[in-house]
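# give me the fold of what follows.
(2 chains)
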Amino acid sequence: MPPDTTSATMSVAVRPSGPPNDASGARLPGDLAIWFFILAELLAFAVFFLAYAFARAGNVEMFNESQLTLDLNSGALNTVLLITGSWFVVLAVQAVKRDATRLGARWLAAGMACGFAFLVVKVFEYSAKFDADISLSTNTFYMFYISLTFFHFMHVVLGMVILAILLVKTRQGAYGSREHNALESGAAYWHMVDLLWIVLFPLVYVMR
Amino acid sequence: MQYKSQAVAKPYFIAAIGLFIGQILFGLVLGLQYVLGDFLFPAIPFNVARMVHTNLLIVWLLFGFMGAAYYLIPEEAETELFSPKLALALFWIFLVAGALTIVGYLTVPYATLAQLTGNDLLATMGREFLEQPLPTKLGIVVVALAFLFNITMTVLKGRKTSIALVLLLGLWGLAVFFLFSFYNPANIVVDKFFWWWVVHLWVEGVWELILGAMLAFVLIKVTGVDREVIEKWLYVIVTLTLITGIIGTGHHYFWIGTPEYWQWWGSIFSALEPIPFFAMTVFAFNMVNRRRREHPNKAAVLWALGTGVMAFLGAGIWGFLHTLAPVNYYTHGTQITAAHGHMAFYGAYVMVNLTMISYAMPLLRGRAANSNKAQVFEMWSFWLMTVAMVFITLFLTAAGILQVWLQRVSDSPVPFMVGQDQVALFYWMREWAGVAFLIGLIVYVISFFVKGEEKAA
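Have a look, this model is predicted:
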């Protein structure tokens, strides 16, 4: 990485956020630091996905057979929940940018509700699997299924903690058309949680 | 030096360097015992020399961290240390306890030492790096808690900067994870599982936070770059460290009796562990390139840059070499591990301590920087020690590759000791590189006594 480019981008990060400052709209929403964090998270999951592909190639039959036991309906429902939750958070950011903070707070709460519903569905799915005596050590497929979905589960939890903080601060009027850097950063993280699921669901539940 | 109480850092740094010398001398003894098995036997058997070499390393790094904290915290918090007297008392307690422990190792057979020190009350001894007798372990906890109390109170009454908070987080983590050294279950798998909570979560977890904070502090001082920029980097590095390092513990869980999924978890997360170290390298160079002032202490800048590079090479690259389970299947517990251990400890923790000492010692001695002549000596010592360490690492890596081949890959694998005889040439070369390292260390010590024209603080 040439030092000068990095230094230039790092100084962008410390500038207070404001309205888009150029016509092309190339402004990075949120704080640069959150993007480093998001890229690191995506990288960790990407390596995990690659490892999955690698392991599956060595034992396609077993993977396919175990995959059939997964609950596609709950997975599909969760996909809808997360995408909807992401959309609500987009509406929240747009509302706050128009200084409609009360509306924004409501959309954030709606986003959190979707996240919560996701977690509930997931807990039911897990308990069914654990009742069937499926664990990390059952076979390599279930190892990946449980690890990937559990790591993702923890990211949903973290995303909800972030949304909760943003909700409180939005209600306090901390964000508006002039200052919404933290809100955009948190929203970006929430979209990442969504994005990860959009890759994870087809990969682990659907693709044979 | 902006605050009087920062002066308590000085004895810590001096003790650290003293113990460092001891560590290297025992390293040379140990290196020779690899090729001349009965060298100094029975006075100093191999297991004792090894224990002294590694324990001295840990203890002197801890002295360095504590000295660094006593120097850094008042300046960051913009207030005098909560209690300089406590800091000084702890210094003597820790030094005497440490010295007594080493004397115990050297004069009494280890089993007798265990009997004498109440290991039957609570068996904690006999495990690599955690060999300390029970009273020493308890002493470490008391000293650590009193130390943490002192610096935490200082931060609480003063300015709270990101650097101070990250440093506190690292140091508290250091103390908390050490508590697992008191847990010694009978099942050796469970024992090893939690043993790594001390060892791994120190060096690949909380110590990295301490390292990041110390590096960030020195870089602010020597480059004059805005605190906001440096602190943002620090947060990125801390986050990357924790994302990769915590579950990365799994790379120690291969083939020791833990469930198989650790092979995947450990491989995947630890494969990413070089990233925070790479970020540190980019960070150090980036900040120095963007410097807003020419600090007279060139040696400190050199150490800071060196830390970035060598930590990435030693911890990042040499760690990655054998971190993936299919590779580690062959390399587990071979000289490859020793190679990685040497360069990682030197590149990350030795060098960051020397960076801090290099920056702070002249100020503690009442000048902005040492004379040009003294700095030339110090920079020579930097290159001698660093290049020597590169060669130690390369020779051990060569020994390790050969060992893996002879013992584990070839069609007719040989027993351990037969393999050791065959790699002796590399052990000899490692020993000579070790001598070069000692020369570098001697030059380093001399640099403190070189006079010349000095700039006032």
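# is chain A contacted by the helix or strand that contains B:W197?
B:W197 belongs to helix B:188-201 when assigned by DSSP states H and E. No. Helix B:188-201 is not in contact with chain A by CB under 8 Å from any CB of the partner chain; minimum separation 14.6 Å. C-beta coordinates here come from the backbone N, C-alpha and C atoms, glycine included.
# which is the next helix or strand following that helix?
helix B:207-223.
# from the chain's centroid, how far away is that next one?
How far helix B:207-223 lies from its chain's middle: 15 Å, per CA atoms, centre = their mean, to the nearest Å.
# how close does the residue lying closest to A:T84 once chain neighbours are set aside get to B:K10?
Nearest in space to A:T84, with sequence neighbours left out and distances taken as CB to CB, 6 or more residues apart in numbering or on different chains, is A:C114 at 5.2 Å. Applying CB to CB, to the nearest Å, the value for A:C114 to B:K10 is 58 Å.
# quick one: which of these two has more around it?
Neighbours were counted for A:C114 and for B:K10 using other CB atoms under 10 Å in any protein chain shown; A:C114 has more, 25 against 19.
# which element is the spatially most central residue of chain A on?
By CA atoms, centre = their mean, the mean C-alpha position of chain A lies nearest to A:V193, the distance being 0.7 Å. Using DSSP H and E, A:V193 sits in helix A:181-200.
# who are the packing partners of that helix?
Using 3 or more CB pairs under 8 Å, 6 or more residues apart in numbering or on different chains; DSSP states H and E, the elements in contact with helix A:181-200 are helix A:32-58, helix A:72-97, helix A:140-171.
# with mean pLDDT added, can I get these in CSV?
Putting the helices and strands packed on helix A:181-200 into CSV (pLDDT from 0 to 100) gives the following:
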stretch, mean pLDDT
helix A:32-58, 92
helix A:72-97, 97
helix A:140-171, 97
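# possible to save the ones you listed as TSV with mean neighbour count?
Converted to TSV, these look like this (neighbours: other CB atoms under 10 Å in any protein chain shown):
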stretch	mean neighbour count
helix A:32-58	17
helix A:72-97	19
helix A:140-171	19
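# for A:D133, helix, strand, or coil?
Following DSSP: H, G, I helix; E, B strand; the rest coil, A:D133 is assigned to coil.
# so what touches stretch A:143-158?
Contacts to stretch A:143-158, defined as CB atoms under 8 Å, 6 or more residues apart in numbering or on different chains, come from residues A:41, A:45, A:48-49, A:51-52, A:55, A:66, A:70, A:82, A:115, A:118-119, A:122, A:129, A:134-137, A:189, A:192-193, A:196-197, A:200, A:204, B:260-261, B:264-265.
# select only the buried ones of those in ChimeraX?
Of the contacts of stretch A:143-158, the buried ones go into a single ChimeraX selection, burial set by 16 or more other CB atoms under 10 Å in any protein chain shown:
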select /A:41,45,48,49,51,52,55,66,70,82,115,118,119,122,129,134,136,189,192,193,196,197,200,204 /B:261,264,265
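# what secondary structure does B:F254 sit in?
Recorded secondary structure, B:F254: coil (three-state DSSP).
# next, it: phi, psi?
When quoted as degrees, to the nearest 10, the phi and psi of B:F254 stand at phi -70, psi 140.
# next, count neighbours for it.
20.
# any idea how far it is from B:P276?
Distance, B:F254 to B:P276, using CB to CB: 22 Å.
# and B:Y349, by the same measure?
To B:P276, B:Y349 is 14 Å away according to CB to CB.
# now for the nearest residue to B:F382 once chain neighbours are set aside, how many residues are close by?
Among residues not flanking B:F382 along the chain, B:L302 sits closest, at 5.6 Å (CB to CB, 6+ apart). B:L302 has 19 neighbouring residues, counting by other CB under 10 Å.
# report the buried residues of stretch B:179-187.
Buried residues in stretch B:179-187 (16+ other CB under 10 Å): B:180-181, B:184.
# ok so, going back, quick check: the residue nearest to A:T84 touching A:L82?
Yes. A:C114 lies in contact with A:L82 (CB atoms under 8 Å); the separation is 6.8 Å.
# OK, contacts around the most centrally placed residue in chain B?
Centroid-nearest residue in chain B: B:Y349, 3.6 Å away (criterion: CA atoms, centre = their mean). Residues in contact with B:Y349, defined by CB under 8 Å, 6+ apart, are B:61, B:64, B:203, B:207, B:211.
# what's the fourth one in contact with, if anything?
When the contact criterion is CB under 8 Å, 6+ apart, the partners of B:W207 are B:170, B:174, B:348-349.
# likewise for the last one?
B:L211 is in contact with B:170, B:280, B:307, B:311, B:348-349, B:352, counting by CB under 8 Å, 6+ apart.
# among the residues you listed, which lie within helices?
Using DSSP state H, B:170, B:280, B:307, B:311, B:352 are the members of those that sit in helices.
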